[in-house]
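Student: I would like to see how this sequence folds:
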Amino acid sequence: MYLEGLAAALSVAAQTADRRRYESYRRSFTDGFFFLDRLIIQDRDRWLLPNHAFALGGLRQSLYYSEIRTDFVQHSLSALLEFQAHEAATPWSRIDGPALFTL
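Tutor: Predicted structure coming up:
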């Protein structure tokens, strides 16, 4: 949910052409998503799960608690889609190279 808020703040910063805030929010957002990458069940987690294919792509509650709920997944996807929409629409958003995330 916090990443969704950052994505909304990115939108406001982009609409008001506040480049300093946009870059600050963007850095915070990408840091948050790199952390979430550690929570997403991927091939690297195969040895932990009895049915890896069933859980693949799920988002754990935390690093130490493996409950997966659909709202965890939905909030992260919602934030990513919002972020990508603003990255594509903001001409100065890709100062440091290509897009950070792809679907």
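
Student: can you count the residues close to the residue nearest to residue 55 when sequence neighbours are not counted?
Tutor: With sequence-adjacent residues excluded and distances taken as Cβ to Cβ, 6 or more residues apart in numbering, residue 55 is closest to residue 41, at 4.8 Å. Where you see a C-beta, it was placed from the backbone N, CA and C, and this is true even at glycine. Each residue near residue 41 was counted by other Cβ atoms under 10 Å, and the total is 19.

Student: residues contacting residue 41?
Tutor: Counting by Cβ atoms under 8 Å, 6 or more residues apart in numbering, residue 41 touches 49, 52, 55, 56, 57, 58, 59, 60, 68.

Student: what does residue 82 give?
Tutor: Residue 82 neighbours (Cβ under 8 Å, 6+ apart): 4, 7, 8, 10, 11.

Student: quick one: buried residues of stretch 34-54?
Tutor: Neighbour counts over stretch 34-54 (16 or more other Cβ atoms under 10 Å) mark 36, 39, 40, 41 as buried.

Student: what's the span of it from first residue to last?
Tutor: Counting by Cα to Cα, to the nearest Å, you get 23 Å between the two ends of stretch 34-54.

Student: Check the gap between the residue nearest to residue 55 and residue 88 for me.
Tutor: From residue 41 across to residue 88, the span is 28 Å (Cβ to Cβ, to the nearest Å).

Student: now swap in residue 2 and tell me
Tutor: From residue 2 to residue 88 the distance is 22 Å (Cβ to Cβ).
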